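Visitor: sequence first, predicted coordinates after that:
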Amino acid sequence: MPLTVNKQLRSLAHDLSNSLETIMQASYLLAQAELKEADKKWLGMVENASRDAARISREMREILRGQSE
């Protein structure tokens, strides 16, 4: 993979991680509120999906880091 493409992808993965961190923090704060059961279900789905996306982002960065060495 060309180095410029690798750098661009690493930058995008970093930006994605920052956005996911905001979602995870907002989810945490929402979990502190009194929610209806249906809302708790939706919040749980958001929390699970954001954790999965953060894991995927970390894996992508690891792969890209290995390619640039």
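Guide: In hand now; what should we look at?

Visitor: which stretches of this protein form helices?
Guide: 3-31, 37-67 (DSSP state H).

Visitor: same list (the ones you listed) but as TSV, adding mean pLDDT and mean neighbour count.
Guide: (Each C-beta comes from the backbone N, C-alpha and C, glycine too.) Output for the helices of the chain, formatted as TSV (pLDDT from 0 to 100; neighbours: other Cβ atoms under 10 Å):
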stretch	mean pLDDT	mean neighbour count
helix 3-31	93	13
helix 37-67	93	13
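
Visitor: list the contacts of the most centrally placed residue in the chain.
Guide: For the chain, Ala54 is the residue whose C-alpha lies nearest the centre (Cα atoms, centre = their mean; 3.0 Å). Shown in contact with Ala54 (Cβ atoms under 8 Å, 6 or more residues apart in numbering): 17, 20-21, 24.

Visitor: farthest-separated two in the residues you listed?
Guide: Largest separation among the contacts of Ala54 by Cβ to Cβ: Ser17 and Met24, giving 10.2 Å.

Visitor: check the gap between the residue of the chain positioned farthest from its centre and Gln25 for me.
Guide: What lies farthest from the middle of the chain is Lys36; by Cα atoms, centre = their mean that is 25.7 Å. For Lys36, the distance to Gln25 (Cβ to Cβ, to the nearest Å) stands at 22 Å.

Visitor: again, but for Leu43
Guide: To Gln25, Leu43 is 13 Å away according to Cβ to Cβ.
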